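Asker: A predicted structure for the sequence below; I have some questions about it.
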Amino acid sequence: LDWWHADRYCEQHFAQLLFEPQDGEQDSFSKLLQSHHIRGSVWLKEREDVLHKPKRRRDHTVPALVFRDKTDTKYVKVLSDFPALPAVTACAHLQWDTRTQEIATIFSYAVPAFINEFQLRGSVDEEGFVRFALIVHGHHSPYLPVFRADGQWHHFCVTWQQENGTWAIYADGKRRAAASGLCAVGPSAPQAIYGQGTFIIGQDQDSLGGTFRAKESFSGNITDLHIWQKVLSTEQIEKVRSCWVVEQDLVFEWSSNALEVESSVQAVTAQLLCPGPVEECRVLEVGSSGFSYASCLQTLPFICCYRKDAYWQLQRAQLESSHSLFSRVNTLAARTVIPDSVFTSDVQNMNLSVALDAFAFLATVLREGETSVLEPSDLLAVLQLLKQVSDLEVQEEDDLEMLEQLGQYFMEVTELILEEQNIGTWSSVSQVIRGPMAVVELCDTMVSLLVPLLTADRTKVTIQHKNIGLPRVMVKNMWFGYGSLQRCLSGGSAVSQDVAVSDAGQKYVSTTVGTAVISSTVLRDYQEISTSVRYRLRHRVQNEIPSMPCLSVEVDGNFHVFSLVLLHVSPDAGGMWSTAGCSVVTSLQNFTACFCNHSTNFAILLQVYEMQQRTTKEEFTLQTLTFIGCGVSFCALIVTFILFLVVRVPKSERTTVHKNLIFALAAGEALLMFSELAKSNQVLCFVVTAFLHLFFMAAFSWMLIEGLLLWSKVVAVNMSEDRRMKFYYMTGWGLPVLIVGVTLATSFNKYVADTRCWLNTQTNVIWAFVGPVLFVLAVNTFVLLRVVMVTVASARRRSKMLTPNSSLERQIWIQIWAMAKPVLVLVPVLGLTWVCGVLVHLSIIWAYVFIVLNSLQ
């Protein structure tokens, strides 16, 4: 077979094409092959696996422009804003009018400062060759032959860069001319092509966008013009010639919507035959023990290699087989649809008709025995047939109704082998097929065959069978429901290190697939391209609530769960879970929404932990403590505030900051007590939540100012009192108003939690409170440490001066009290009691400590 079919044949038989022997193995290996009368060249698979399947020669349908005869009226204007081009590549397909031999302008680009800024001209010489000349900044390259004027479509590219004025002309994939010095003003100051110019196809501009002359106009057909602001490599130019678009640095992409076409220019649809690159594949020369290369399309002998464990598992499955499925399918079909052995099956010329018949009989037999368990040999035989059909090459003349029917049968057979009773069978062939993700891969390949079903009139194809669905093709989306696929993946798949999270203080229970598995692929011109994907998956178990990875969140129920996503899964590798390139967008009770920067297979993986469920008594105790503590604090704060006013405490920075902190804390705690009553009214609850957010943010802002004020007493700050107070008010009230306003503006619909009048902890809204709080706590902790250091140093100096002869124990006690006093006084003032909130999820005891400390703050 040729290399591609040989490689495919080995994969269909659960093997791999012979790998290149390691150093020192060639002689012994060559002798082994000769002993089996194998001579000449044998196909090899390179260990680096650099080969890729060549693009098939296929029709590429594009809008084309027809310029009949040379006139001064026909033109097409490109509707695109061009940037300055220090380098440029322009490529197109061209059909030259053989009736004319005069100079013709294929395109011209003009700017106000220079009319002949960038231009391509051509003419036909006496020998019948089309010659091209490139013009940049008015500087002219020589006319050089590029292709024959034979009336056929030819592909060309021209490149230029300002560095040394290097230019090149390519035609039909080969470089025909190249040189340097084209408009290089000097080695130190070459000029880029100016931006914001006018690009005209088919005419030479003698003034900006006009003044055309018939004798210099273009006659012929042109299509597929693309322009890049860089010099494409030879490989990229070959890619463009093969009907691919290089997206990077593309400044103009061919589209009829981006062209202003003069009425006498005819716009038609052209069909181009895109060439496939010629690739060479590695071969082993058996007689000489050497290596060489041969065209991949040659037919040469090949050898399939098995891993030993896979080989023995295949042998065991064959020996223990009852061949009941084989015989029933073959009897029903009156021919050999499934061979007796996966080793001895011949190379089959599988076409659409043969495949459809085979699957019709196979689906019938599997349907009849739907409740019975498949034998390992049966499962392997079905997988082999699935592989063969997924590798089918659909021909243009094939019946599309038959193709759609084949897709229906393919999904049905896939569903039947994924039934739950076959989990044990999948395990018994785990060395040959590492898990049911192989089926996902096969379905993904099969879906690509269905692209011809899509037309302008039919933009959607739906294939559905129980737990497996294909809702759409072109953007290929597939989903796999809850069956043996989920259970096998949950039980056996590995978890990559970047997602193997743990939660201190909670017991890990299990990892389970919590949603359907979906597969997403985007096709462009029959080729897969990677793209970002945003998807939402409904959770399988309602009482398992996924949260953001590595964030501990209190939930109602018995489980604490982390949501993860499924990385692209290789069937040979058996599957690996990972969050690479993916992030959680929204995670609520019933579903999780994620964003990934690549298209692949996805699911939500739930890691379940036991969580101590609070009893009704504990909840009541916590609520009662909160109410009592906040009530006591509220009364104490009001009394203190009145004392500040009545006793006429002298006005100072410290009293002003204290008053604002008292007011913010009192308002926040009053609202907190009232919030339980507001839960029943949605609008009132929203308003209470917003003001709770505002006043607690203000309280923390004034706690921060308390810290800054302390710092100004400890470390000299060169700022007047008036300027400091303005800064304090902006920080204490302006910043909270700004944070709450921005949060409401960006997250209005997901601002409030479902069960209480507080911020939604299931979304990122909670960070509008937690983030600033963590910052304040960090700053104030630093301030406290600095104050303690200064106080202890001061106490040590005072002790030495006042009681120089005191004992060591006495001095130590004085220093301990000097350290403890500011800590006891300043910890609540600076809000550092809130640090206990980090420990709440570990135990109910910490919840009691947190509520007592902060309600009595």
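Answerer: Nice, I can see it.
Asker: C-alpha only now, for contacts and for neighbours.
Answerer: Noted.
Asker: what ranges of the stretch 701-850 of the chain fall below the confidence cut-off?
Answerer: 715-721, 799-800, 802-808, 841 (pLDDT under 70).
Asker: helices of that one, residue ranges please.
Answerer: Assigned helices in the stretch 701-850 of the chain, in chain order: 721-729, 735-746, 767-802, 808-829, 844-855 (criterion: DSSP state H, counting those that start in this stretch).
Asker: in stretch 674-684, what's buried?
Answerer: Across stretch 674-684, burial judged by 16 or more other CA atoms under 10 Å covers 675, 678-679.
Asker: how far away from the center of its chain is it?
Answerer: Relative to its chain's centre, stretch 674-684 lies at 41 Å (CA atoms, centre = their mean, to the nearest Å).
Asker: ditto for stretch 845-856
Answerer: Between the centre of stretch 845-856 and the centre of its chain there are 43 Å (CA atoms, centre = their mean).
Asker: same question, stretch 424-443
Answerer: 26 Å.
Asker: do the same with stretch 440-452
Answerer: 21 Å.
Asker: stretch 626-634 too?
Answerer: Using CA atoms, centre = their mean, the offset of stretch 626-634 from its chain centre is 49 Å.
Asker: would you mind writing the CA trace of that stretch as CSV?
Answerer: Once non-C-alpha atoms are left out, stretch 626-634 reads as follows in CSV (Å, rounded to 0.1, in the frame of the first residue of the first chain):
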residue,chain,number,x,y,z
THR,A,626,-24.7,37.3,65.7
PHE,A,627,-27.8,39.2,66.7
ILE,A,628,-26.7,39.6,70.4
GLY,A,629,-23.2,40.6,69.5
CYS,A,630,-24.3,43.1,66.8
GLY,A,631,-26.9,44.5,69.2
VAL,A,632,-24.4,45.0,72.0
SER,A,633,-21.9,46.6,69.5
PHE,A,634,-24.6,48.8,68.0
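Asker: so which residues make contact with it?
Answerer: For stretch 626-634, contacts defined as CA atoms under 8 Å, 6 or more residues apart in numbering pick out 666, 669-670, 672-673, 851-852, 855-857.
Asker: repeat that for 7 Å
Answerer: With CA atoms under 7 Å, 6 or more residues apart in numbering as the test, stretch 626-634 has contacts from 666, 669-670, 673, 851-852, 855-857.
Asker: between those, which is closest to residue 292?
Answerer: Checking the contacts of stretch 626-634 against residue 292 by CA to CA gives residue 851 as the nearest, at 77.3 Å.
Asker: from residue 622, how far off is that closest one?
Answerer: Here residue 851 is placed at a distance of 7 Å from residue 622 (CA to CA, to the nearest Å).
Asker: now do the SS call for residue 131.
Answerer: Following DSSP: H, G, I helix; E, B strand; the rest coil, the label given to residue 131 is strand.
Asker: and residue 760, its phi and psi?
Answerer: phi -70, psi 110 (degrees, to the nearest 10).
Asker: so can I have JSON lines of the contacts of stretch 626-634 showing neighbour count?
Answerer: As requested, the contacts of stretch 626-634 are arranged in JSON lines below (neighbours: other CA atoms under 10 Å):
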{"residue": "666", "neighbour count": "24"}
{"residue": "669", "neighbour count": "22"}
{"residue": "670", "neighbour count": "17"}
{"residue": "673", "neighbour count": "18"}
{"residue": "851", "neighbour count": "23"}
{"residue": "852", "neighbour count": "18"}
{"residue": "855", "neighbour count": "18"}
{"residue": "856", "neighbour count": "18"}
{"residue": "857", "neighbour count": "21"}
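Asker: out of those residues, flag the one nearest to residue 125.
Answerer: residue 669 (92.3 Å).
Asker: which ones are touching that closest one?
Answerer: 630, 634.
Asker: tell me which element it falls in.
Answerer: helix 653-678 (DSSP states H and E).
Asker: nearest to residue 821, out of the contacts of stretch 626-634: which one, please.
Answerer: Using CA to CA, these come closest to residue 821 at residue 857, 16.8 Å.
Asker: hmm, the closest one is touching residue 830, no?
Answerer: No - using CA atoms under 7 Å, residue 857 is not in contact with residue 830; the gap is 9.9 Å.
Asker: test for you: state the pLDDT assigned to residue 342.
Answerer: pLDDT, residue 342: 69.
Asker: show me the protein divided up by domain.
Answerer: Per the record, the chain has its domains at 58-274, 307-474, 616-856, by the TED database.
Asker: for the longest one, measure first residue to last.
Answerer: Using CA to CA, the gap from the first to the last residue of domain 616-856 comes to 24 Å.
Asker: what do you get for stretch 95-109?
Answerer: Using CA to CA, the two ends of stretch 95-109 sit 21 Å apart.
Asker: can you list contacts of that stretch?
Answerer: So stretch 95-109 is contacted by 116-124, 149-154, 197-205, 216-222 (CA under 7 Å, 6+ apart).
Asker: buried ones among those residues?
Answerer: Buried among the contacts of stretch 95-109 (16+ other CA under 10 Å): 116-124, 149, 153-154, 197-205, 216-222.
Asker: return the subset of those residues lying in strands.
Answerer: Residues of those located in strands (DSSP state E): 116-124, 153-154, 198-201, 220-222.
Asker: which parts of the stretch 501-650 of the chain are helices?
Answerer: Going by DSSP H, counting those that start in this stretch, the stretch 501-650 of the chain shows helices at 616-646.
Asker: and if you look at the stretch 251-400 of the chain?
Answerer: Assigned by DSSP H, counting those that start in this stretch, the stretch 251-400 of the chain shows helices spanning 308-319, 324-333, 352-368, 376-390, 400-417.
Asker: which secondary structure elements does the fourth one contact?
Answerer: Right, helix 376-390. Counting contacts by 3 or more CA pairs under 7 Å, 6 or more residues apart in numbering; DSSP states H and E, helix 376-390 is packed against helix 3-12, helix 308-319, helix 437-448.
Asker: what residues does the shortest one touch?
Answerer: Just to be clear, that refers to helix 3-12. 16-17, 43, 296-297, 302, 304, 384, 387-388.
Asker: who's in contact with residue 72?
Answerer: Applying CA under 7 Å, 6+ apart to residue 72 gives the contacts 212-214, 217.
Asker: quick one: which helix or strand includes it?
Answerer: Residue 72 belongs to no helix or strand, assigned by DSSP H and E.
Asker: residues contacting stretch 151-160, please?
Answerer: 87-98, 166-172, 231, 241.
Asker: switch the cut-off to 6 Å
Answerer: Outside stretch 151-160, the residues that touch it by CA atoms under 6 Å, 6 or more residues apart in numbering are 87-96, 166-172, 231.
Asker: by how many degrees do the helix holding residue 669 and helix 844-855 diverge?
Answerer: Computed with axes from the mean of the first three to the mean of the last three CA atoms, to 10 degrees, the direction of helix 653-678 lies at 120 degrees from that of helix 844-855.
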